[in-house]
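Undergrad: need a 3D model of the sequence below.
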Amino acid sequence: WLVFIEGEDKRRIEEIMERNAMIKEAAEELERLMENEEAVALVEAKEKALRDERAFINYATETGLKRGLKKGQKIGQKIGRKEGREEGREEGKKEERNEIIRKMLKNGFDIQTICKCIGLSKEEVVKLKN
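TA: Numbers count the residues shown, from 1 in each chain. Below is the predicted model of the structure:
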């Protein structure tokens, strides 16, 4: 059956048809159908419709993936900007705090008082002093 279906070796198909009545009958029916232009046109139209449907599904899938990727990137950028702003604020607060500590040290505040007011350890304040 595979040799018949693939239809590549005509001589071999003829040999098989001589030995197998079912294959011979199928070949004759196929030949009869191929002579009927309307039947051939219907088969070709059906095949075209299937190809078009597959192409549409592939296009829709690709388009959907592209849209999803674009939307995901926008969401990621928005989250990234938000996190960046938060990190920037935290960094700014830390820099402002450190500047206040430096000014307090410069104005003669002792380390223990600074630690109590700011909430840092003695080691952290000493680092800023140096």
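
Undergrad: phi first, then psi, for D110.
TA: phi -80, psi 160 (degrees, to the nearest 10).

Undergrad: residues near it, how many?
TA: D110 has 11 neighbouring residues, counting by other C-beta atoms under 10 Å. Quick note: C-beta positions are derived from backbone N, CA and C, even for glycine.

Undergrad: ok, I101 next?
TA: Residues near I101, counting by other C-beta under 10 Å: 22.

Undergrad: ok, now which ones touch the nearest residue to it once chain neighbours are set aside?
TA: Counting by C-beta to C-beta, 6 or more residues apart in numbering, I101 lies nearest to L128, which is 5.1 Å off, once chain neighbours are set aside. By C-beta atoms under 8 Å, 6 or more residues apart in numbering, the contact set of L128 is 98, 101-102, 105.

Undergrad: helix or strand right after the helix or strand where L50 lies?
TA: Secondary-structure assignment from DSSP states H and E places L50 in helix 37-106. Using DSSP H and E, the next helix or strand after helix 37-106 towards the C-terminus is helix 111-118.

Undergrad: restrict that following helix to CA atoms and write it as CSV.
TA: Provided in CSV are the C-alpha atoms of helix 111-118 (Å, rounded to 0.1, in the frame of the first residue of the first chain):
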residue,chain,number,x,y,z
ILE,A,111,29.1,59.6,68.3
GLN,A,112,26.7,58.2,70.9
THR,A,113,24.3,61.0,70.5
ILE,A,114,24.4,60.7,66.7
CYS,A,115,23.7,56.9,67.0
LYS,A,116,20.7,57.6,69.2
CYS,A,117,19.3,60.3,66.9
ILE,A,118,19.9,58.6,63.6
